[in-house]
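Visitor: my questions concern the predicted model and sequence given below.
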Amino acid sequence: MAEQVFQPYRVPTAGEAPGGSSPHGSAVDAHHQAATAATTRQPQKWNAYHLPGTDGGAHEAALKRLKPGATVTLDQVVSAMIEESDNAAADLLRDRLGPGALRKIAQTGVGTVNGEMLRAFGGCALPADVCLKNYVKAGKQVRPTLPGFARQAAWAETVTRVEPGVLREVLTGLRKDKTASKHLEWPMRQPGADPRTLLIGTKGGALPGVISEAMYTVRPGEKPRDLARQKCDNQRVNYQFQPAG
């Protein structure tokens with residue numbers, strides 16, 4: 001289990017029971033996307049932000065799907081962050097936007113995923129932001145030696161936390177945005193999907209010990225519904241609720 005810290009399926013969650021926040025892994029991608037929904041398309045490199053062996057192959061899967069060459073548009077980077085849960089894409093966008101933009105949306109600080117990884121398992125003793133900055137500047141990819149699952153799970157409890165209610169509010173807003181909903185509704189581009197009968201927008205992800213997903217569904221003639229599911233330490237909790245509008 002040495003290379004299973006971040007899997008491309010983890011988030012959330014928009015309907016978590018009252019009483020606090022939880023580590024959300026890729027869930028914070030929703031905040032990244034909210035901040036980039038109106039951003040002009042510009043070419044960006046993002047390979048320098050990739051930390052091999054830590055994202056379940058998400059970065060490689062994104063490159064395979066996009067076939068971008070040396071550069072990509074911000075729109076493509078957002079799609080990699082949402083569809084594959086590419087941590088490098090999330091960190092690139094965080095640097096591009098600045099932590100302040102994400103803090104304004106998330107109502108809390110949103111850290112760097114790979115910077116935290118470098119600090120915990122990559123031998124960097126500096127703050128996470130500095131670890132990532134130096135890593136990107138060096139331009140040389142490093143594959144950290146990851147510990148066993150128990151230590152990874154303990155580390156996961158220390159990373160960015162977002163209040164579930166905040167995440168719900170962000171996802172509800174993204175559903176109403178044309179650019180953002182295009183990315184969240186990527187399942188509708190899969191074979192057999194029919195938006196005339198059911199429209200789905202989703203973002204999922206994983207951290208050690210936690211698997212969860214947040215989504216919205218829309219049926220013709222009905223109000224949108226926000227759904228959330230989370231599994232922690234072999235205990236599954238399901239929530240669903242219907243937001244106004």
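Guide: On my side now, so go ahead.
Visitor: can you report how many residues neighbour residue 180?
Guide: Neighbours of residue 180 under the rule other CB atoms under 10 Å: 23. All C-beta atoms are positioned from the backbone trio N, CA, C, and that covers glycine.
Visitor: that one sits in which helix or strand?
Guide: Using DSSP states H and E, residue 180 sits within helix 178-184.
Visitor: residue 202 now?
Guide: Using DSSP H and E, residue 202 falls within strand 199-207.
Visitor: give me the mean pLDDT for that strand.
Guide: Here strand 199-207 scores 83 as its mean pLDDT.
Visitor: kindly report the same for stretch 99-119.
Guide: 83.
Visitor: repeat that for stretch 224-237.
Guide: 61.
Visitor: returning to that earlier point: now for the strand holding residue 202, which elements pack on it?
Guide: Contacts defined by 3 or more CB pairs under 8 Å, 6 or more residues apart in numbering; DSSP states H and E place strand 199-207 against helix 29-36, helix 164-175, helix 178-184, strand 210-218.
Visitor: if you set the cut-off to 7 Å instead, what comes out?
Guide: If you count contacts as 3 or more CB pairs under 7 Å, 6 or more residues apart in numbering; DSSP states H and E, strand 199-207 packs onto helix 178-184, strand 210-218.
Visitor: what average pLDDT does the longest one get?
Guide: Strand 210-218 carries an average pLDDT of 78.
Visitor: quick one: the strands in the protein, in order.
Guide: Taking DSSP state E, the strands of the chain run over residues 22-23, 43-44, 72-73, 161-162, 199-207, 210-218, 225-232, 235-241.
Visitor: list the contacts of stretch 192-201.
Guide: For stretch 192-201, the surrounding residues in contact (CB atoms under 7 Å, 6 or more residues apart in numbering) are 175, 181, 184-185, 187-188, 215-220.
Visitor: show me which of the residues you listed are buried.
Guide: 175, 181, 184-185, 215-216, 218 (16 or more other CB atoms under 10 Å).
Visitor: residue 197: how many residues sit nearby?
Guide: By the criterion of other CB under 10 Å, residue 197 has 8 neighbours.
Visitor: ok, residue 61 next?
Guide: 17.
Visitor: surely it touches residue 80?
Guide: No. Counting by CB atoms under 7 Å, residue 61 stays clear of residue 80, with 8.6 Å between them.
Visitor: any stretches of the protein with poor pLDDT?
Guide: Applying pLDDT under 70 to the chain flags residues 1-44, 70-71, 106-107, 160-166, 210-212, 227-245.
Visitor: can we see that at 80?
Guide: Residue ranges of the chain with pLDDT under 80: 1-45, 68-72, 102-110, 157-172, 204-207, 209-214, 226-245.
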